[in-house]
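>>> below are the sequence and a predicted model for it; my questions follow.
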Amino acid sequence: MSNQFAKARCSKPLAVIGLETTGLNPAQDRITKITILRIEPSNAVTSYVQRIQISQDSAEDLQHERDTLPRRGNPSFAAVHRHIRSLLIGSNVVGYNLKRFTIAFLKAEFERVGTDLPIARASLIDLEVAD
């Protein structure tokens, strides 16, 4: 499979995204870790892995999750959203359960910081496995 991927010609970068969250509801739960692997058409790769510190207000609402929340010292989503945005701009997006989970969480987090998720023209490649 890796040989087939290496031979594939893509005109746009691919951004492979994985998230960890405090729950399943983007309106109330938060992203606690984001991983992005951006693969350029030239095959250059940028890897980004970041734990996200959620706000104290959110942490108090999520008492059942407090032992698994990122510890102090990690940046907030607001502090890293510009870098995340730069990795997504102009790319097609790949991920597991992308349409029902990942995109909803990313949209909610970007809205909280007052900007949009920059994937309006992206193709979404959802790796959701059928039951």
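Looks like it came in fine.

>>> so what does the strand or helix carrying residue 19 touch, helix or strand wise?
Assessed by DSSP states H and E, residue 19 sits inside strand 14-21. Counting contacts by 3 or more Cβ pairs under 8 Å, 6 or more residues apart in numbering; DSSP states H and E, strand 14-21 is packed against strand 31-39, strand 92-95, helix 103-112. For the C-beta atoms, the positions are set from N, CA and C on the backbone; glycine is no exception.

>>> packed most tightly, which of these would that be?
With neighbours defined as mean count of other Cβ atoms under 10 Å, these peak in mean count at strand 92-95, which reaches a mean of 21.

>>> now that strand: mean pLDDT?
For strand 92-95, the mean pLDDT works out to 94.

>>> repeat that for stretch 32-47.
Across stretch 32-47, the average pLDDT comes to 96.

>>> quick one: which helix or strand includes residue 75?
Using DSSP H and E, residue 75 falls within no helix or strand.

>>> for residue 32, see how far away it is.
12 Å (Cβ to Cβ, to the nearest Å).

>>> residues shared between the contacts of those two?
Common neighbours of residue 75 and residue 32 (criterion: Cβ atoms under 8 Å, 6 or more residues apart in numbering): residue 52.

>>> now the lengthiest helix in the chain - C-alpha only, PDB.
Secondary structure of the chain read by DSSP state H shows that its longest helix is helix 77-88. Taking Å, rounded to 0.1, in the frame of the first residue of the first chain, the C-alpha atoms of helix 77-88 are listed here in PDB:
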ATOM      1  CA  PHE A  77      -6.900  26.100  21.300                       C
ATOM      2  CA  ALA A  78      -6.900  29.900  20.900                       C
ATOM      3  CA  ALA A  79      -3.100  29.900  21.200                       C
ATOM      4  CA  VAL A  80      -2.600  27.300  18.500                       C
ATOM      5  CA  HIS A  81      -5.500  27.800  16.100                       C
ATOM      6  CA  ARG A  82      -3.500  29.900  13.600                       C
ATOM      7  CA  HIS A  83      -0.900  27.100  13.200                       C
ATOM      8  CA  ILE A  84      -3.700  24.500  12.900                       C
ATOM      9  CA  ARG A  85      -5.400  26.700  10.300                       C
ATOM     10  CA  SER A  86      -2.100  27.000   8.300                       C
ATOM     11  CA  LEU A  87      -1.800  23.200   8.200                       C
ATOM     12  CA  LEU A  88      -5.400  22.900   6.900                       C
END
